[in-house]
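> give me the fold of what follows.
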Amino acid sequence: MKIITFILSLFIVQSTIAQSYTIDEMYIELSGNATDDNFSNNTYFNTLDSCSVSWRIISDSIPEGWLYSNCFPNCYTPGVTSGESTFPTNSQQYLNCHIYPNNIPGEGTIKMEITTNNSSIDTVTWTGTSIDNLSIDSNVKAESSRIKNMYNLEGKKVNTFLPNQVFIIEYENGKTEKRLMHPQL
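Below you'll find the model as predicted:
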C-alpha cells in the first residue's frame with residue numbers, strides 16, 4: 001500500500017510541475033554591418049498546453065545610439081520592453097530581436113525574461129555584433145601578408161574568402177576581426 005501511495009504521489013507531483021512549453025534556443029547570436037538598417041535572429045516558443053505568457057527586457061548592454069525591438073509573437077516598435085499574450089495548445093510562437101545599429105559598430109546583449117503561467121521563468125539572451133567595415137577592401141589586401149589564420153563561422157580554418165560569408169580573421173599581431181565578404185564591384 002505504501003508503494004502505491006508513493007507512486008501515486010510521485011505521479012501527482014510530476015504532473016503538476018510538468019512544463020507546458022519549450023523554447024528552441026535560449027542564447028541567440030546575430031550580426032550585421034553597422035550601415036545595415038537592422039539585422040535580426042529568432043527562435044521559437046512552443047506550447048504543449050495553452051499558456052499565459054508575459055515578457056520583459058531585464059537588461060541590455062548595447063552601444064549608445066543602437067536601438068532594438070522584439071517580436072513575440074507581434075512585432076513591437078523600438079522602446080517597447082514588455083508584453084503579454086495567451087498562446088493556444090500545440091502552437092509555435094515567433095520570438096525575435098531586431099538590432100538597429102545606426103552606423104555604430106560594437107557588440108551588445110539584450111536579455112528577455114519570459115514568465116509562463118505566472119510560475120515558470122526563463123531568460124532568452126541575444127548577443128549582437130555590428131561590424132564597421134564588412135567588405136573585402138584595400139585594408140584587408142594590405143594586411144593579407146600579416147593574416148595568421150582565417151576561420152568560417154563553424155570554426156573551420158579556411159584559405160580563401162568567399163562572397164557573402166562571414167569570416168573570423170586572426171592577424172599575426174594577435175588582433176582578430178569578423179568580416180562579411182561582399183563580392184567586389
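
> residue 170: what secondary structure?
strand (DSSP: H, G, I helix; E, B strand; the rest coil).

> residues near it, how many?
15 (other CB atoms under 10 Å). C-beta coordinates here come from the backbone N, C-alpha and C atoms, glycine included.

> and it, what does it touch?
147, 148, 149, 150, 151, 176 (CB atoms under 8 Å, 6 or more residues apart in numbering).

> so what are the domain limits for the protein?
19-131, 138-181 (automatic domain parsing).

> just the ones you listed: most buried one?
domain 19-131 (a mean of 16; mean count of other CB atoms under 10 Å).

> output the below-cut-off pLDDT ranges for the protein.
For the chain, residues meeting the criterion pLDDT under 70 lie at 1-18, 133-145, 160-164, 180-185.

> rerun at 80
1-18, 132-147, 149, 151-155, 157-168, 170-185 (pLDDT under 80).

> how about the strands in it?
Assigned strands in the chain, in chain order: 21-23, 27-33, 39-47, 51-61, 67-71, 82-87, 92-100, 106-116, 120-131, 147-152, 157-158, 165-171, 176-181 (criterion: DSSP state E).

> report the central residue of this protein.
For the chain, the residue sitting closest to the mean C-alpha position, by CA atoms, centre = their mean, is residue 28 at 2.4 Å.

> now residue 88. Nearest residue, chain neighbours left out?
The shortest distance from residue 88 to any non-neighbouring residue, by CB to CB, 6 or more residues apart in numbering, is to residue 50 (5.8 Å).

> show the contacting residues for the one you found.
By CB under 8 Å, 6+ apart, the contact set of residue 50 is 20, 86, 87, 88, 89.

> out of those residues, the closest to residue 37 would be?
residue 87 (29.7 Å; CB to CB).

> wait, residue 48 touches residue 23, no?
No - look at residue 48 against residue 23 with CB atoms under 8 Å: they stay out of range, at 12.0 Å.

> grab the nearest non-local neighbour of residue 42.
residue 96 (3.8 Å).

> which residues does the one you found contact?
40, 41, 42, 43, 70, 71, 72, 75.

> out of the residues you listed, which is nearest to residue 156?
residue 41 (21.1 Å).

> nearest spatial neighbour of that closest one, skipping sequence neighbours?
Using CB to CB, 6+ apart, the nearest residue to residue 41 is residue 30, at 3.8 Å.

> ok, now which ones touch that neighbour?
So residue 30 contacts 39, 40, 41, 97, 99, 126, 127, 128, 129 (CB under 8 Å, 6+ apart).

> show the backbone phi and psi for the residue nearest to residue 88.
Backbone torsions of residue 50, given as degrees, to the nearest 10, read phi -60, psi 140.
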